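1. here is my input; please provide its structure:
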Amino acid sequence: QVQLVESGGGLVQAGASLRLSCAASGLTFSTYAMGWFRQVPGKEREFVARISRGGLPTGYADSVKGRFIISRDNNMNTVYLQMDSLKPEDTAVYYCAADRNRATSQNYATAYDYWGQGTQVTVSS
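-> Here you go, the predicted structure:
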């Protein structure tokens, strides 16, 4: 049974940093491309960042480029999202996702087969 468990969310002030983690189990992690998405109530799930099986290439939404960094540790079965210079508009539930079919990660949600339960990130102004 595949499980993705996110952690690291919380309430921070604008300009602060957070590091999200997503621990994967029940799969051969190194064979999955991974992604981070986020969602606010009433809106569609939005792509944030992606990372391919071997760590490269990565990709970012324009709204987070230069502030967020995605990385992975295939020995720890974990993908990370380092978020710096947080803004109130970054407030959302953040989800990690796993794609078993493609070596290169994608920026659309339907490419991903497994999803975590999400972790709330709230940035106050």
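
2. and the residue lying closest to Y112 once chain neighbours are set aside, which helix or strand is it part of?
-> Spatial nearest neighbour of Y112, excluding adjacent residues (CB to CB, 6 or more residues apart in numbering): A97 at 3.6 Å. In short, each C-beta sits where N, CA and C put it, glycine included. Using DSSP states H and E, the element containing A97 is strand 92-99.

3. picking up where we left off before, the residue nearest to Y112 and S17, how far apart?
-> 23 Å (CB to CB, to the nearest Å).

4. packing partners of the strand holding A97?
-> The contact analysis (3 or more CB pairs under 8 Å, 6 or more residues apart in numbering; DSSP states H and E) places strand 92-99 against strand 3-7, strand 18-25, strand 33-39, strand 78-83, strand 114-115, strand 119-124.

5. residues making contact with the longest one?
-> Residues from elsewhere that reach strand 18-25, judged by CB atoms under 8 Å, 6 or more residues apart in numbering: 2-10, 12, 32, 34, 36, 76-83, 86, 94, 96, 98, 116, 119, 121.

6. where are the low-confidence patches of the chain?
-> Judged against pLDDT under 70, the chain has no low-scoring part.

7. ok so, going back, for the residue nearest to Y112, list the residues it contacts.
-> A97 touches L4, M34, G35, W36, F37, A109, Y112, D113, Y114, W115, G116, counting by CB under 8 Å, 6+ apart.

8. ok, which pair from those residues is furthest apart?
-> Comparing every pair within those by CB to CB identifies W36 and D113 as the most remote, at 15.3 Å.

9. out of these two, which sits in the busier spot?
-> A count of neighbours by other CB atoms under 10 Å puts W36 above the other of W36 and D113, at 27 against 13.

10. leaving out chain neighbours, which residue sits closest to R50?
-> S105 (3.5 Å).

11. could you check how far the one you found is from S125?
-> Here the criterion is CB to CB. By it, S105 lies 32 Å from S125.

12. Q3: how many residues sit nearby?
-> 12.

13. show me what it is bridged to.
-> S25 (DSSP bridges).
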